[in-house]
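In: coordinates for the following, if possible.
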Amino acid sequence: MSESADREVASPIGERPPAWKMNRQLFNMINGLQAMVDENRASTESNIDRLKTSLVNVTLLITSVLERLPPRPVAVTATTGAGRQQRVVEPVTPMRARERQGLDSPMPQDMRQAEKEPDRPPIVVAKEVSQVPEEVTIPTEKEIA
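Out: Purely as a prediction, here's the structure:
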């Protein structure tokens, strides 16, 4: 086979580009792919940051809504003056709930205002306790002297 015949078998379409030209094309393709990867990474990181912010906002909204719900009554035992114990149901406001849990976290200002001036009176369910007033005797001046 002649040299021109070898060339035709190796490259039937025609002459191959020089190696430096192929390397340059590969280099450009790799750089283009890397640019797309970097762009996707930046977009993904931006989306993650927005999702984190949304999660924080939703958490704050849920907390705010839960704090604004009407108080749920909780049964407590009270001792009357006659020594009897009586179960009384008292509402638990967000402030009282924090006190019961021992939390010192500050309450948002608007919630403090709602605590002072509730839109509707809290529901209190309690049984009436009959007490017999104790007789108190106060000694007179003659008895003291």
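
In: so for the helix or strand hosting Arg41, what's the average pLDDT?
Out: Per DSSP states H and E: Arg41 is located in helix 19-68. For helix 19-68, the mean pLDDT works out to 93.

In: show me what it is packed against.
Out: For helix 19-68, the packing partners by 3 or more Cβ pairs under 8 Å, 6 or more residues apart in numbering; DSSP states H and E come out as helix 109-116. Just so you know, the C-beta spots here come from the backbone N, C-alpha and C atoms, and that holds for glycine as well.

In: at 10 Å what do you get?
Out: helix 94-101, helix 109-116 (3 or more Cβ pairs under 10 Å, 6 or more residues apart in numbering; DSSP states H and E).

In: lowest average pLDDT across those helices?
Out: Least confident of these, judged by mean pLDDT, is helix 109-116 with a mean of 50.

In: give me the neighbour count for Glu67.
Out: The tally of other residues near Glu67 (other Cβ atoms under 10 Å) stands at 18.

In: so how far is Leu61 from it?
Out: Relative to Leu61, Glu67 is positioned 11 Å away (Cβ to Cβ, to the nearest Å).

In: also Asp49?
Out: Taking Cβ to Cβ as the measure, Asp49 falls 19 Å from Leu61.
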